[in-house]
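[1] Kindly generate the corresponding structure for this input.
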Amino acid sequence: MSDFSVISEVGNAILKLLREKVCPELIQSPEAIRLVSPAEKNADYQLGLYMYDIQELREFQRNDMIRTGANQARYPSRPLTLYFALYVNGKSQMMSDAETELRIMGRVIQVLLDYAVLKGTGNAEEGEADASVTLLNLSFEDKTKLWSVLSVPYQVAVYFSVSPVVLSSERVYTFTRVVETEYRVDQKENGEADG
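    Residues are numbered from 1 along each chain as shown. Presented below is the predicted three-dimensional model:
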């Protein structure tokens with residue numbers, strides 16, 4: 001079941017993947033890759049992962065209830081798409097030069113493409129697929145809007161989405177099952193008039 005923590009779990013799965021595949025070759029310390037807003041001022045990190053949007057994924061939406069017991073059913077789960085930006089923190093004390101930044105960005109893109117399916121994020125019992133990473137082709141205008149909303153200078157970033165991220169419902173519907181029915185048939189005697 002994908003409870004409310006599924007959004008955090010997806011972010012942490014991406015973070016773990018990046019730490020395993022980028023460190024120590026390009027970034028020495030795994031702690032230098034963080035879930036962080038670009039607007040955060042008091043953080044020294046090299047690579048930031050920032051979730052900037054969540055949308056409902058209506059194409060995969062289910063309407064049928066999920067049986068959880070003899071007299072109970074759970075409301076259907078809701079599939080979501082999470083939107084992320086991965087950026088090199090140019091303000092970091094740990095950054096060395098522009099070439100290193102480009103190498104980090106190249107490695108990040110390679111990792112996202114090579115490990116595009118986040119295993120273990122779907123619920124096989126309910127027929128849920130594992131979440132997949134898709135690189136986004138945002139216009140330059142859309143990218144600059146995102147950075148201007150954060151009130152920070154524009155930075156080159158990798159923009160990607162992760163979906164379906166399935167958020168289960170905690171609402172349960174309780175019903176009474178019909179276990180016995182009784183039928184009564186009255187027969188009319190001959191000669192009675194229908195009235």
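
[2] C-alpha from now on. contacts and neighbour counts both.
    Fine.

[3] What residues of stretch 11-31 count as buried?
    Using 16 or more other Cα atoms under 10 Å as the burial criterion, the residues of stretch 11-31 that qualify are 11, 13-15, 18-19, 21-22, 27, 30.

[4] would you list every one of the helices in the protein?
    Per DSSP state H, the chain has helices spanning 6-22, 98-114, 140-149. These are given in chain order.

[5] what sits against the nearest residue to Ser37 once chain neighbours are set aside?
    In space, Ser37 comes closest to Tyr50 once its chain neighbours are excluded; the distance is 5.5 Å by Cα to Cα, 6 or more residues apart in numbering. The neighbourhood of Tyr50, defined by Cα atoms under 8 Å, 6 or more residues apart in numbering, consists of 35-38, 84-86.

[6] Looking at the buried residues of stretch 11-31, which one is closest to Trp147?
    Nearest to Trp147 out of the buried residues of stretch 11-31 is Gly11 (Cα to Cα; 20.1 Å).

[7] So the closest one versus Met51, what's the distance?
    In this structure, Gly11 lies at 8 Å from Met51, with Cα to Cα, to the nearest Å as the measure.

[8] correct me, but Ser148 touches Tyr154?
    Yes. Judged on Cα atoms under 8 Å, Ser148 makes contact with Tyr154 at a distance of 7.4 Å.

[9] give me phi/psi at Ser77?
    Main-chain torsions, Ser77, degrees, to the nearest 10: phi -70, psi 160.

[10] which of the contacts of Tyr50 sit farthest apart?
    Within the contacts of Tyr50 (distances taken as Cα to Cα), the two that end up farthest apart are Pro38 and Phe84, at 11.8 Å.

[11] Relative to Arg103, how far out is the residue nearest in space to the middle of the chain?
    Residue closest to the mean C-alpha point of the chain, counted by Cα atoms, centre = their mean, is Val165 at 3.6 Å. Between Val165 and Arg103 the computed distance is 30 Å (Cα to Cα).

[12] Name the nearest residue to Ile54, sequence neighbours excluded.
    Nearest residue to Ile54 in three dimensions, chain neighbours excluded: Leu82, at 4.7 Å (Cα to Cα, 6+ apart).

[13] Identify the residues contacting the one you found.
    Going by Cα under 8 Å, 6+ apart, Leu82 touches 7, 51, 53-55, 161-163, 165.
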